[in-house]
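Peer 1: sequence and predicted structure are below.
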Amino acid sequence: MRPDLTVVGSINLDLVAAVERLPRPGETLTGATLERIPGGKGANQAVAAARLGADVRMVGSVGADPVAEEALFGLREAGVELDVREVDAPTGIAIILVGADGENQIVVVPGANAHVGGFSAPGKVLCQLEIPDSALLEARAQAEWLCVNAAPARPLVVDADMVVANRYEAEIVGDQPLIAVTLGEEGATLLEGGKEVARARPPRVDAVDGTAAGDAFTACLVVSLLEDREPEEALRRACAAGAIAASRFGAQPSLPTAGEVDAILRG
């Protein structure tokens, strides 16, 4: 059975500049290359979940501008059902610098993402924090089960059934009934009531671009749990998905399929 998932989140167009190294404060670098790639944490996680085998519905907002179709391209290509409003604001943009070592710097211009609201979100729902708190409250009021990826981090205004955060975001959101904490190359741990119930490490890969690694991890963990996999297996699969994404350039182009996750785990 394919799990059903509604993603309420951001939809952006990523302007990605590949540079030899990230600039120091006040420094100008040249010799970069530029690509325009569909992104946004919400859209990334919706595309990832669809590629991993879920039936996905995307709730979000875009502007009445040419950027909107570029930003929605990856969602359409992945077969995600769109419940996207056109609002009186520009489509969201992310400006991303990626160094040759895979490290990045990201600045997000929210635009239409600041106007997400007035939607239906029953069943299993996944949110991130590139949308307003009011949208989180709407989702919580309707969702049967709610996962929040606490990125970019701020204190949560809802009680989520599961939270996904990196170690720094976890410090900001504080204690949670169920939280998956990502630890970079060290993998991830799942804590229930503050007690570790599962831990996993990612397979070794050569890092190319970490932009969507967290999105791949989050989507894979959610889909795996909705498939009724055991927590340790779900966490192991999520770590593998994140590693695959980090080994590829760009956000949505880097997101793996379920078959690719299976293959790297077998290897």
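Peer 2: Received, thanks.
Peer 1: C-alpha only now, for contacts and for neighbours.
Peer 2: Fine.
Peer 1: can you give me the strands in this protein?
Peer 2: 4-8, 12-18, 33-39, 55-63, 81-87, 92-98, 104-109, 124-128, 145-149, 162-166, 178-182, 188-192, 195-200 (DSSP state E).
Peer 1: could the ones you listed go into TSV alongside mean neighbour count?
Peer 2: As requested, the strands of the chain are exported to TSV (neighbours: other C-alpha atoms under 10 Å):
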stretch	mean neighbour count
strand 4-8	27
strand 12-18	23
strand 33-39	18
strand 55-63	25
strand 81-87	16
strand 92-98	22
strand 104-109	14
strand 124-128	25
strand 145-149	23
strand 162-166	23
strand 178-182	24
strand 188-192	21
strand 195-200	16
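Peer 1: among those, which is nearest residue 227?
Peer 2: strand 4-8 (9.9 Å; C-alpha to C-alpha).
Peer 1: give the pairing partners of the closest one; include direction for each.
Peer 2: strand 55-63 (parallel), strand 124-128 (parallel) (DSSP bridges).
Peer 1: right, and the ones you listed - which one's nearest residue 110?
Peer 2: The nearest among the strands paired with strand 4-8, by C-alpha to C-alpha, is strand 55-63 at 10.0 Å.
Peer 1: what average pLDDT does the closest one get?
Peer 2: The average pLDDT within strand 55-63 is 98.
Peer 1: state which helix of the protein is the longest.
Peer 2: In the chain, taking DSSP state H as the definition, the longest helix is helix 231-246.
Peer 1: quick one: contacts of that helix?
Peer 2: Contacts with helix 231-246, where a contact means C-alpha atoms under 8 Å, 6 or more residues apart in numbering, come from 102, 187-190, 197-221, 224-225, 251, 254-256, 261-262, 264-265.
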